[in-house]
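In: okay, sequence plus prediction incoming.
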Amino acid sequence: MTLEELLRVHFPGSEIILEPSGGWDGLELELPKWDGSREDWAVSGRVISYDKLKCALFSFQTYKSPGIDGIMPIMLQQGFEPLAGKLLMLLRASLALGYILMSWRQIRVVFISKPGKPLSQVKSLRPISPMSFIFKTLEKLLDRHIRDGVLVETPIHQNQFDYRAGMSTEMALFQVPHRLEKSLNHKKIALDCLPGY
């Protein structure tokens, strides 16, 4: 079983890109041209505060597998006080500028075996992709802002399935044929549009 076969089965349509001669580090020079508005910076300051950052970082299990940067949660937790100011600046800038660092976009894929499956078959392995915990922290902060702020102030529409307990992707997909069948039964015209398709 080769890596190419694992990629072909688990990531169909992907292509192998060899590491540039200078390595990946030089790619970080691709910085955004946008400085962010005053409002963008104000929002990033409200979303990412010292207390919220501390809460998000300390919610991770200490020895979770690190992303490609090698940083485990315990490193950020134990070094929180001296790192807090830099982390606040970094995460706020990422949000205000709408920019995700290249190093956060890189992941290492690890294949682990499924219980009770023979290792001789490609489908017996499943890929996991540990992300940078600094990036995961930003993700947690944004999720908390959406759940505790935006959705409290502006409740979502009844047809919105994301961020609603008990509402699954399957339920969202079921709605389309259900509406079409209902229209056909009542001899009406129906038009459904799925965003992004």
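Out: Structure received. Residues are numbered from 1 along each chain as shown.

In: let me see the confidence value for residue 45.
Out: Looking at residue 45, its pLDDT is 96.

In: what's the closest non-adjacent residue to it?
Out: Nearest non-adjacent residue to residue 45, counting by Cβ to Cβ, 6 or more residues apart in numbering: residue 92, 6.2 Å away. Using the backbone N, CA and C atoms, a C-beta is placed for each residue, glycine as well.

In: check which helix or strand covers that neighbour.
Out: Take DSSP states H and E as the rule and residue 92 turns out to sit in helix 80-97.

In: name the helices or strands packed onto that helix?
Out: helix 38-47, helix 50-58, helix 133-145 (3 or more Cβ pairs under 8 Å, 6 or more residues apart in numbering; DSSP states H and E).

In: just put those helices in JSON lines and tack on mean neighbour count and distance to residue 103.
Out: Shown next, in JSON lines, are these (neighbours: other Cβ atoms under 10 Å; distance: least, Cβ to Cβ, whole Å):
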{"stretch": "helix 38-47", "mean neighbour count": "14", "distance to residue 103": "20"}
{"stretch": "helix 50-58", "mean neighbour count": "16", "distance to residue 103": "18"}
{"stretch": "helix 133-145", "mean neighbour count": "19", "distance to residue 103": "9"}
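
In: next, format those helices as CSV and append distance to residue 116.
Out: What follows is these, written out as CSV (distance: least, Cβ to Cβ, whole Å):
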stretch, distance to residue 116
helix 38-47, 44
helix 50-58, 36
helix 133-145, 30
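
In: ok, back up a step: buried residues in the helix holding residue 92?
Out: When burial is assessed from 16 or more other Cβ atoms under 10 Å, helix 80-97 yields the following buried residues: 83, 87, 88, 90, 91, 92, 93, 94, 95, 96, 97.

In: which intervals of this structure have sub-threshold pLDDT?
Out: Across the chain, the ranges flagged by pLDDT under 70 are 1, 19-33, 192-197.

In: outline the domain layout of it.
Out: Following the assignment in automatic domain parsing, the chain carries domains at 3-13+33-155, 158-197.

In: can you give me how far the longest one is from the chain middle?
Out: In this case it means domain 3-13+33-155. 6 Å (Cα atoms, centre = their mean, to the nearest Å).

In: quick check, central residue of the chain?
Out: In the chain, the residue lying closest to the centroid (Cα atoms, centre = their mean) is residue 139, at 6.4 Å.

In: so of the domains of the chain, which one's packed in deepest?
Out: Ranked by average neighbour count under the criterion mean count of other Cβ atoms under 10 Å, the domains of the chain are headed by domain 3-13+33-155 at a mean of 14.

In: this structure: helices as residue ranges?
Out: Using DSSP state H, the helices of the chain run over 3-10, 38-47, 50-58, 73-78, 80-97, 102-105, 133-145, 151-153, 169-185.

In: before we move on, the earlier item: of all the helices and strands packed on helix 80-97, which one is nearest residue 8?
Out: Minimum separation from residue 8 across these (Cβ to Cβ) falls at helix 133-145, 27.6 Å.

In: CA atoms of that closest one as CSV?
Out: Extracted in CSV, the C-alpha atoms of helix 133-145 (Å, rounded to 0.1, in the frame of the first residue of the first chain):
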residue,chain,number,x,y,z
PHE,A,133,-4.0,24.9,18.1
ILE,A,134,-3.5,28.6,17.7
PHE,A,135,-5.9,28.4,14.7
LYS,A,136,-8.3,26.1,16.6
THR,A,137,-8.3,28.8,19.3
LEU,A,138,-9.4,31.4,16.8
GLU,A,139,-12.1,29.0,15.6
LYS,A,140,-13.4,28.5,19.2
LEU,A,141,-13.4,32.2,19.8
LEU,A,142,-15.5,32.8,16.7
ASP,A,143,-17.9,30.0,17.5
ARG,A,144,-18.4,31.4,21.0
HIS,A,145,-19.1,34.9,19.5
